[in-house]
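Novice: Structure of the sequence below:
(one chain, ligands or ions: 1)
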Amino acid sequence: MTRTVTDVICPFCGTLCDDLEVVVSDDGKELHEVYNACAIGAEKFLHSQAKDRITRPRMRQEDGSWKEISYDEAIEYTATMLAEAKKPLMYGWSSTNCEAQAVGSEIGEAVGAVMDNTATVCHGTSLIAVQDIGIPSCTLGEVKNRADRILFWGCNPAHAHPRHMSRYSIFPRGFFTGKGHTGRKMIVVDPRPTDTASMADIHLQIEQGRDYELLNALRVAFKGEKLPDVVAGIPKEKIYEAAETLKSGRFAIIFFGMGVTQSLGKNHNIDEAIAVTRDLNEYTKAAIMPMRGHYNVTGSGQVWGWQFGFPYAVDLSRGFARYNPGETTSNDLLRRDEVDAVFVLGSDPGAHFPFSSVKKIYNLPSVVIDPHETPTSEVCKVHVPVAFVGVEVGGCAYRMDNVPIETRKVVDAPEGMMTDEEFLKRVLGRVKEIKGV
Ligand code: SF4
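Specialist: Here you go, the predicted model:
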């Protein structure tokens with residue numbers, strides 16, 4: 001017999017869809033079907049049932065092979081590695097719950113680590129811009145109920161956040177948006193003709209890396225001032241048309257992704273995008289929101305925000321929190337040989353960092369905590385598999401609009417597996433013993 005668990009939260013992307021239905025066996029040990037999720041979200045649930053799943057920690061041997069070790073041995077290795085390091089890097093934290101992030105911060109403080117999360121290679125620039133000039137934002141509920149002008153800049157939700165458009169931004173009928181997508185105008189800024197761009201009313205096919213100029217040109221166009229014939233590869237008529245479309249709406253929202261946060265200009269692009277939003281508020285209501293990737297990268301920024309005052313790249317090595325992106329960020333530290341141990345949880349730098357950084361991780365004492373086998377587990381000395389957060393254990397996660405949502409456990413983890421939080425609490429206890437605090 002089976003039973004269906006409703007209102008399940010998807011722990012994959014920052015959309016944190018909260019309407020999934022999951023069919024599990026009566027005893028809660030097997031997961032059979034997932035309904036309402038997109039393909040990548042469903043795959044995350046189904047992968048927890050993989051027959052070849054690694055369920056015990058393992059340590060890499062001299063010859064490159066793996067040897068199974070106990071959780072006690074993995075805790076001892078991790079605690080000793082962190083306690084003995086002068087300046088360990090504790091990276092990731094974006095695919096786990098806030099409870100585990102909070103324990104991780106305590107460890108970081110005890111050992112004088114640099115705490116960094118995946119924002120370091122995605123929306124860190126957005127966070128700098130927000131600290132510099134603030135942000136007029138809103139919730140995804142307001143977008144669904146009010147927004148009739150949607151601008152996607154440097155992002156491709158059709159692939160990266162597959163249900164974003166159907167649940168919140170383009171297709172749903174809301175309280176003041178009863179006509180659904182027929183009442184909305186969609187603008188996409190992207191150098192590529194993506195699947196998202198193919199749905200747009202206006203696609204501004206910008207030249208790569210010219211985001212700042214185009215943002216600036218929109219501010220000029222709002223005022224009806226003179227523009228050059230072409231800006232960032234876009235004819236001025238199209239820029240005026242986009243500006244008028246945005247101004248004529250009742251509620252405009254700008255969603256932006258890594259195409260603009262990581263291209264030339266970086267945080268200054270976001271400064272300018274926020275200025276565009278502010279200018280738009282002279283004519284209508286407007287808001288702006290980053291398209292956050294991992295399901296709880298927003299949460300790790302929140303947790304460190306209230307623990308240390310900074311959302312990422314927090315250097316605790318001097319006994320107090322320092323923050324200086326470009327200096328205290330993971331890739332800068334690795335490439336300058338400034339860290340002597342690496343701890344990774346809830347992310348995959350092996351797949352996303354430059355090769356020179358990955359090589360540094362390979363040559364250092366290192367531990368990765370991850371339910372999956374990943375490129376990072378291939379370069380780390382110890383791999384500790386744990387229960388899937390949001391599938392086999394609950395906990396708090398923050399959606400991309402900074403709304404905290406309690407994820408749910410729907411199925412048991414394989415016999416004897418630890419959760420992130422349990423593992424970290426044991427490591428913290430052992431670190432305190434070693435340090436005598
Ligand atoms: S859009 Fe994101 S949160 Fe929603 S089901 Fe897909 S992966 Fe999960």
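Novice: quick one: the strands in the stretch 1-150 of the chain?
Specialist: Here the stretch 1-150 of the chain has its strands, by DSSP state E, counting those that start in this stretch, at 2-8, 20-25, 31-35, 58-60, 66-68, 89-92, 114-117, 149-153.
Novice: Could you pull out the buried residues of the first one?
Specialist: Buried residues in strand 2-8, counted by 16 or more other C-beta atoms under 10 Å: 5, 8. The C-beta positions use only the backbone N, C-alpha and C, and glycine is treated the same way.
Novice: Just confirm yes or no for that strand near the ligand.
Specialist: No: using C-beta under 6 Å from any ligand atom, strand 2-8 stays clear of the ligand, with a minimum separation of 10.1 Å.
Novice: related to what we said a few turns ago, what about the strands of the stretch 1-150 of the chain, which gets the closest to residue 407?
Specialist: When the strands of the stretch 1-150 of the chain are compared by C-beta to C-beta, strand 2-8 sits nearest residue 407, at 8.4 Å.
Novice: Contacts for the closest one, please.
Specialist: Contacts of strand 2-8 with the rest of the structure, by C-beta atoms under 8 Å, 6 or more residues apart in numbering, involve 18-26, 32, 408, 410.
Novice: Just the buried subset of those residues, please.
Specialist: Among the contacts of strand 2-8, the ones that count as buried by 16+ other C-beta under 10 Å are 18, 20, 22, 24, 408, 410.
Novice: From the contact counts, what lies against the lengthiest helix in the chain?
Specialist: Ranked by number of residues, the top helix in the chain under DSSP state H is helix 420-435. Here helix 420-435 touches helix 71-84, helix 98-111, going by 3 or more C-beta pairs under 8 Å, 6 or more residues apart in numbering; DSSP states H and E.
Novice: Report the distance from it to the chain centre.
Specialist: Here helix 420-435 is found 26 Å from its chain centre; the criterion is C-alpha atoms, centre = their mean, to the nearest Å.
Novice: Please point out which parts of it sit buried.
Specialist: By neighbour count on 16+ other C-beta under 10 Å, the buried set for helix 420-435 is 420-428, 430-431.
Novice: Can you tell me which of those is closest to the ligand?
Specialist: residue 420 (19.3 Å; C-beta to the nearest ligand atom).
Novice: list the contacts for the closest one?
Specialist: 96-97, 100, 345-346, 369, 386-387, 389, 393.
Novice: Can you tell me the closest non-neighbouring residue to it?
Specialist: Using C-beta to C-beta, 6 or more residues apart in numbering and skipping the chain neighbours, the partner closest in space to residue 420 is residue 100 (3.9 Å).
Novice: what's around the one you found, how many residues?
Specialist: Residues within reach of residue 100, counting by other C-beta atoms under 10 Å, total 29.
Novice: My read is that it contacts residue 389, right?
Specialist: Yes: assessed by C-beta atoms under 8 Å, residue 100 is found in contact with residue 389 at 7.4 Å.
Novice: Common neighbours of those two, please.
Specialist: Both residue 100 and residue 389 are contacted by 395, 419-420, under the criterion C-beta under 8 Å, 6+ apart.
Novice: Look up how far residue 376 lies from residue 157.
Specialist: From residue 157 across to residue 376, the span is 26 Å (C-beta to C-beta, to the nearest Å).
Novice: ok, now residue 228?
Specialist: Following C-beta to C-beta, the distance that separates residue 228 from residue 376 is 46 Å.
Novice: quick one, which of the two is more surrounded?
Specialist: More crowded of residue 228 and residue 376, by other C-beta under 10 Å: residue 376, with 26 against 10.
Novice: can you list contacts of stretch 300-319?
Specialist: 86-87, 93-94, 98, 101-102, 105, 108-109, 112-117, 119-120, 124, 127, 321-325, 328-330, 398, 402, 404.
Novice: Without its sequence neighbours, what residue ends up closest to the closest residue to the ligand within the stretch 251-400 of the chain?
Specialist: Closest contact between the stretch 251-400 of the chain and the ligand, by C-beta to the nearest ligand atom, is at residue 295 (6.6 Å). Once flanking residues are discounted, residue 295 sits nearest to residue 11: 4.8 Å by C-beta to C-beta, 6+ apart.
Novice: Who are the contact partners of that neighbour?
Specialist: 44, 95, 295-296, 388-391, 397, 407 are the contacts of residue 11 under C-beta under 8 Å, 6+ apart.
Novice: if we can go back for a sec, now narrow the buried residues of helix 420-435 to whatever sits close to the ligand.
Specialist: Checking the buried residues of helix 420-435 against the ligand by C-beta under 6 Å from any ligand atom, not one of them is in range.
Novice: Let's have those residues in JSON lines, adding pLDDT and distance to residue 281.
Specialist: Shown next, in JSON lines, are the buried residues of helix 420-435 (pLDDT from 0 to 100; distance: C-beta to C-beta, whole Å):
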{"residue": "420", "pLDDT": "98", "distance to residue 281": "41"}
{"residue": "421", "pLDDT": "98", "distance to residue 281": "42"}
{"residue": "422", "pLDDT": "98", "distance to residue 281": "47"}
{"residue": "423", "pLDDT": "98", "distance to residue 281": "46"}
{"residue": "424", "pLDDT": "98", "distance to residue 281": "43"}
{"residue": "425", "pLDDT": "98", "distance to residue 281": "46"}
{"residue": "426", "pLDDT": "98", "distance to residue 281": "50"}
{"residue": "427", "pLDDT": "98", "distance to residue 281": "47"}
{"residue": "428", "pLDDT": "98", "distance to residue 281": "46"}
{"residue": "430", "pLDDT": "98", "distance to residue 281": "52"}
{"residue": "431", "pLDDT": "98", "distance to residue 281": "49"}
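Novice: Perfect, that will be all.
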